[in-house]
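[1] coords below, sequence missing:
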């Protein structure tokens, strides 16, 4: 568990690599998707249905391209495979694993996507040791998915499967060499690795494949060099917020989106604001007051592991709004927005830069938190409604609202989201701490 002091240190020091003032990116920046793509459909199993990586992806897109008409629709279905396989006694014998191909034709016909993003594999090996037959079934399912998507006039991006991690469930796994596996095979991630390797090989045939498995595996290995007990999936399968963040990065990297970073500064000695969005600068002895108008960036989720973010060079993969104040005399300073203290920092820390969008008690951070919340709420609303409307054979799913009612509510949520995408004006003051 990261301590408050370590979190504060990360927030204050991670800007050291961003010493040069960068020009703000604008809403007019060209999107990485063709203009013909208006609806992006995400297909997968329970990891996609959980949807945090979809939320992070959409939040990055919305804040970068607030006027974009692109819609993201998550129709992941828990327990599903693309292979059509199911282990004996799945779900305690209550039901076999759903087969994507039972519903795929209906989903494509009704949702009419322009782009499909598919993430399968975790369930396709049915948690057994590797077998050529199961690999062949997985491959046939992927080929069939690809053919049907293309026949529907849509493009497709394949994602390699996430990581299976046996460490947190060691007592619930089984070794190799058994004839029956009522619990997961301890080396099941080797199977997923082979699925991922095969999928990546299809790039040579012109397939668009983004790798999730490799980066997640590498991250686990790096973290455990210094923290052997580190985990990203308590049940070995379903990634936490940090794991979903890594998954979202696969798509953002694949789309070659540059970090959405803006750095604004104040030179106290010259009494000059170094950034067009800083205004009404008032400088006195040991005191500053100014207005800062800044647009939101991808929301910072407090559930992310701070050490993981630092290891993955967080600042180079996500958006940030940096404030740098140089020329202050040594000592500690209190930065406030209105009457609310934002942070207490040294002159050196302020000169190095502070990511204001990650600090609690700012209008910007509150807006970004609400933004992510609304994006998630809207995704879940539409997911359940569309799953019900298109039909499936997976018991125990939320019924969801009738589609027309859900879409009407989604429009209302979209309007609230658009308001939160507008630039925020914050009134800051800086004064020297008495102690």
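    On my side now, so go ahead. Computed from a predicted model, the values in this text were never measured in an experiment.

[2] I'd like to know which elements the lengthiest helix in the chain is packed against.
    Secondary structure of the chain per DSSP state H: the longest helix is helix 363-390. In terms of contacts (3 or more Cβ pairs under 8 Å, 6 or more residues apart in numbering; DSSP states H and E), helix 363-390 is packed against helix 52-64, strand 71-74, helix 100-111, helix 403-420, strand 424-432. In this view, the C-beta of every residue, glycine as well, is placed from N, C-alpha and C.

[3] ok now that helix, how far from the chain's centre?
    Helix 363-390 has its average C-alpha position 13 Å from the chain's average C-alpha position, going by Cα atoms, centre = their mean, to the nearest Å.

[4] sorry, back to before: could you dump the helices and strands packed on helix 363-390 to JSON lines with distance to residue 91, mean neighbour count and mean pLDDT?
    Formatted as JSON lines, the helices and strands packed on helix 363-390 follow (distance: least, Cβ to Cβ, whole Å; neighbours: other Cβ atoms under 10 Å; pLDDT from 0 to 100):
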{"stretch": "helix 52-64", "distance to residue 91": "23", "mean neighbour count": "25", "mean pLDDT": "96"}
{"stretch": "strand 71-74", "distance to residue 91": "22", "mean neighbour count": "20", "mean pLDDT": "98"}
{"stretch": "helix 100-111", "distance to residue 91": "16", "mean neighbour count": "17", "mean pLDDT": "98"}
{"stretch": "helix 403-420", "distance to residue 91": "27", "mean neighbour count": "14", "mean pLDDT": "98"}
{"stretch": "strand 424-432", "distance to residue 91": "47", "mean neighbour count": "16", "mean pLDDT": "95"}
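
[5] thinking residue 406 is in contact with residue 388, fair?
    No - using Cβ atoms under 8 Å, residue 406 is not in contact with residue 388, being 9.0 Å away.

[6] residue closest to the middle of the chain?
    Most central in the chain under Cα atoms, centre = their mean is residue 56, positioned 3.1 Å from the mean C-alpha point.

[7] How about the contacts made by that residue?
    Each residue near residue 56 by Cβ atoms under 8 Å, 6 or more residues apart in numbering is listed here: 244-245, 248, 298, 301.

[8] With residue 303 instead?
    240-242.

[9] Going by neighbour count, which of these comes out on top?
    Ranked by neighbour count (other Cβ atoms under 10 Å), the contacts of residue 303 have residue 242 at the top, with 25 neighbours.

[10] Look up how far residue 232 lies from the nearest residue to that one once chain neighbours are set aside.
    Distances taken as Cβ to Cβ, 6 or more residues apart in numbering place residue 305 nearest to residue 242, at 4.5 Å, with adjacent residues excluded. Noted for residue 305: a distance of 8 Å to residue 232, by Cβ to Cβ, to the nearest Å.

[11] more crowded one of those two?
    Neighbour comparison, residue 305 and residue 232: the larger count goes to residue 232, with 24 against 21 (by other Cβ under 10 Å).

[12] Test my guess that the more buried one contacts residue 244.
    No - counting by Cβ under 8 Å, residue 232 stays clear of residue 244, with 9.1 Å between them.

[13] Show the average pLDDT along the longest helix of the chain.
    In this model, helix 363-390 carries a mean pLDDT of 97.

[14] swap in stretch 347-355?
    Stretch 347-355 carries an average pLDDT of 94.

[15] Give me the distance from that stretch to the chain's centre.
    Computed by Cα atoms, centre = their mean, the chain-centroid distance of stretch 347-355 equals 27 Å.

[16] Tell me where the stretch 1-150 of the chain has strands.
    Secondary structure of the stretch 1-150 of the chain (DSSP state E, counting those that start in this stretch): strands at 39-44, 71-74, 115-119.

[17] While we're on the residue nearest to residue 242, how confident is the model there?
    Reported pLDDT for residue 305: 94.

[18] need the strands for the stretch 201-350 of the chain, in chain order.
    All strands of the stretch 201-350 of the chain, identified by DSSP E, counting those that start in this stretch, fall at 208-210, 261-267, 272-274, 278-284, 287-294, 320-326, 332-337, 340-346.

[19] quick one: the last one to strand 320-326, angle?
    Using axes from the mean of the first three to the mean of the last three Cα atoms, to 10 degrees, the inter-axis angle of strand 340-346 relative to strand 320-326 is 60 degrees.

[20] How about strand 340-346, which residues are buried there?
    342-343, 345 (16 or more other Cβ atoms under 10 Å).

[21] just the angle between that strand and helix 363-390, please?
    Counting by the same axes, to 10 degrees, strand 340-346 lies at 120 degrees to helix 363-390.

[22] and strand 340-346, which strands flank it?
    The strands beside strand 340-346 in its sheet (DSSP bridges) come out as strand 332-337 (antiparallel).

[23] Then the fourth one?
    Strand 278-284 has these partner strands in its sheet, going by DSSP bridges: strand 287-294 (antiparallel).

[24] Figure out how far the strand it pairs with is from the centre of its chain.
    Strand 287-294 sits 31 Å away from the centroid of its parent chain (Cα atoms, centre = their mean).

[25] Then stretch 198-211?
    That offset, for stretch 198-211, works out to 22 Å (Cα atoms, centre = their mean).

[26] same deal with stretch 317-332?
    The answer for stretch 317-332 is 26 Å, by Cα atoms, centre = their mean.

[27] Same question for stretch 344-364.
    With Cα atoms, centre = their mean, you get 24 Å for stretch 344-364.

[28] And it, end to end?
    18 Å (Cα to Cα, to the nearest Å).

[29] Next: stretch 229-247.
    By Cα to Cα, the extent of stretch 229-247 from end to end equals 21 Å.

[30] So for that stretch, what gets flagged as buried?
    Residues of stretch 229-247 classed as buried: 230-233, 236-239, 241-247 (neighbour count, 16+ other Cβ under 10 Å).

[31] swap in stretch 353-365?
    353-359, 362-365.

[32] Would you reformat those residues as a markdown table and include distance to residue 31?
    A markdown table is the format used below for these (distance: Cβ to Cβ, whole Å):
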| residue | distance to residue 31 |
| --- | --- |
| 353 | 28 |
| 354 | 30 |
| 355 | 25 |
| 356 | 26 |
| 357 | 22 |
| 358 | 25 |
| 359 | 29 |
| 362 | 28 |
| 363 | 27 |
| 364 | 23 |
| 365 | 26 |
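
[33] Could you find the two of these that are most distant from each other?
    353 and 363 (19.5 Å; Cβ to Cβ).

[34] So, low pLDDT: which residues of the chain?
    In the predicted model of the chain, residues 1-29, 276, 286, 315-316, 435 satisfy pLDDT under 70.

[35] From the recorded domain assignment, give the ranges for it.
    Using automatic domain parsing, the domains assigned to the chain come out as 1-29+260-435, 31-257.
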